[in-house]
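Colleague: the sequence and its predicted three-dimensional model are supplied below.
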Amino acid sequence: MPTGLAINTTYYAIRVSNSTIKVATTLANAVAGTAINYTDAGTGTHSLIPVRMKTIVQFDTDQNDIS
């Protein structure tokens, strides 16, 4: 695995181009453009399993507001 990534963990994609993504640890980090920095690509073959999310219309990080 690349340094900073773990197997069986959900990561969120940040689109860089049609053929390139960066990954973030949380949806909030992905929305903010905060990617995981890694310097070692690791070895072997790595796979991504895409999961389609609904379009985010509003993103609210205040989890205390339940109104």
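Modeller: Here it is on my side, so go on.

Colleague: contacts only, for the residue most central in space within the chain.
Modeller: The centre of the chain sits closest to residue 12, judged by C-alpha atoms, centre = their mean, with a distance of 2.0 Å. Contacts for residue 12 were tallied using C-beta atoms under 8 Å, 6 or more residues apart in numbering; they are 23, 24, 25, 26, 27, 29, 30. The C-beta positions use only the backbone N, C-alpha and C, and glycine is treated the same way.

Colleague: contact partners for the residue lying closest to residue 1 once chain neighbours are set aside?
Modeller: In space, residue 1 comes closest to residue 42 once its chain neighbours are excluded; the distance is 4.7 Å by C-beta to C-beta, 6 or more residues apart in numbering. Contacts of residue 42 were listed using C-beta under 8 Å, 6+ apart, and they are 1, 2, 3, 5.

Colleague: now residue 28: which helix or strand?
Modeller: With secondary structure defined by DSSP states H and E, residue 28 is part of helix 27-32.

Colleague: flag the shaky bits of the protein, pLDDT-wise.
Modeller: Scanning the chain for pLDDT under 70 picks out the ranges 54-67.

Colleague: now do the strands in it.
Modeller: Under the criterion DSSP state E, the chain carries strands at the ranges 12-15, 21-24.

Colleague: excluding sequence neighbours, find me the nearest residue to residue 35.
Modeller: Taking C-beta to C-beta, 6+ apart, and ignoring the residues beside it in sequence, residue 35 has residue 22 as its nearest neighbour in space, at 3.6 Å.
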